[in-house]
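Asks: Kindly return the folded structure for what I paste below:
(one chain, ligands or ions: 1)
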Amino acid sequence: MISARGIKKQFGDLQVLKGIDLDINSGEVVSIVGPSGAGKTTLLQILGTLDKPNAGDVIINNTSIRDLSEKELAQFRNENIGFVFQFHQLLPEFNAIENITLPALIAGKNKAKSEEKARYLLSFLQLNNRETHKPAELSGGEKQRVAIARALINNPAVVFADEPTGSLDSQNQEELHKLFFQLRDEFKQTFVIVTHDLHLAHLSDREIKMKDGFVL
Ligand code: ADP
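Replies: Okay, the predicted model is just below:
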């Protein structure tokens with residue numbers, strides 16, 4: 001479902017990705033692991049179309065990213081890709097349901113239908129009584145689950161997560177581990193996760209190991 005071919009990326013003189021080829025199948029939960037500075041986040045940003053490689057191409061669901069204009073890319077991203085970051089990045093002035101439905105409204109979807117889907121996700125994520133809570137009124141684990149619901153609202157083919165358990169305590173980490181697999185089983189989504197969380201990596205269908213800008 002995702003193919004990366006010959007991905008190279010440099011920042012100034014620093015060659016961060018040195019020629020990466022990889023394929024990720026639909027419905028896989030894949031972890032990208034390796035030491036700090038290996039290029040994991042840079043690769044995730046490129047696979048997630050948030051950044052462009054200096055060479056190579058990413059193909060997602062038969063669409064070559066290289067061929068899309070900025071406008072087409074923004075639309076493609078909103079419709080096909082969800083993101084979860086280490087720090088939830090929820091909008092502080094919006095409550096849970098408003099944060100979750102925002103990408104759907106940006107995609108021009110019906111508000112009532114989007115709220116219905118958001119409520120379903122909230123209940124799946126055991127957050128049904130948190131609908132009108134703002135981020136400051138939620139625990140760390142709850143905020144991260146709201147961020148996951150937001151990532152899933154447009155039913156993306158793939159969710160990219162960068163250190164999603166990095167800011168959580170061990171109990172919330174364990175819960176999130178289970179959740180990724182429950183979500184994959186329920187919604188058939190593909191998850192690509194950059195993580196230092198070795199337990200999560202070991203639970204994954206596959207670990208992609210990176211070092212010095214290469215996949216090992
Ligand atoms: P990892 O996620 O494996 O820790 P990163 O992809 O974050 O690695 O970073 C790899 C290298 O690229 C690091 O040396 C980092 O400082 C550098 N780097 C990442 N992003 C940028 C950027 N926008 N500008 C300059 N250097 C960057």
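Asks: Show me which residues of this structure are close to the ligand?
Replies: Residues of the chain lying close to the ligand by CB under 6 Å from any ligand atom are 11, 14, 16, 34, 36-42. In this view, the C-beta of every residue, glycine as well, is placed from N, C-alpha and C.
Asks: can you list those residues in a markdown table and add secondary structure and pLDDT?
Replies: Output for these, formatted as a markdown table (DSSP: H, G, I helix; E, B strand; the rest coil; pLDDT from 0 to 100):
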| residue | secondary structure | pLDDT |
| --- | --- | --- |
| Phe11 | strand | 96 |
| Leu14 | strand | 95 |
| Val16 | strand | 97 |
| Gly34 | coil | 96 |
| Ser36 | coil | 95 |
| Gly37 | coil | 95 |
| Ala38 | coil | 96 |
| Gly39 | coil | 97 |
| Lys40 | helix | 97 |
| Thr41 | helix | 96 |
| Thr42 | helix | 97 |
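Asks: Now list the buried members of these.
Replies: Neighbour counting over these (16 or more other CB atoms under 10 Å) leaves 16, 34, 38-42 as the buried ones.
Asks: Buried residues, the longest helix seen in the chain. List them.
Replies: As assigned by DSSP state H, the longest helix anywhere in the chain is helix 170-187. Residues of helix 170-187 classed as buried: 172-173, 175-177, 179-180, 183-184 (neighbour count, 16+ other CB under 10 Å).
Asks: Same question for stretch 108-127.
Replies: 114-115, 117-119, 121-122, 124-125, 127.
Asks: Equivalent analysis for stretch 90-110, please.
Replies: Residues 90, 95-104 are the ones in stretch 90-110 that count as buried (16+ other CB under 10 Å).
Asks: thinking again about what came up before, among the buried residues of stretch 108-127, which one lies nearest to Glu163?
Replies: Closest approach between the buried residues of stretch 108-127 and Glu163, by CB to CB: Leu125, at 19.1 Å.
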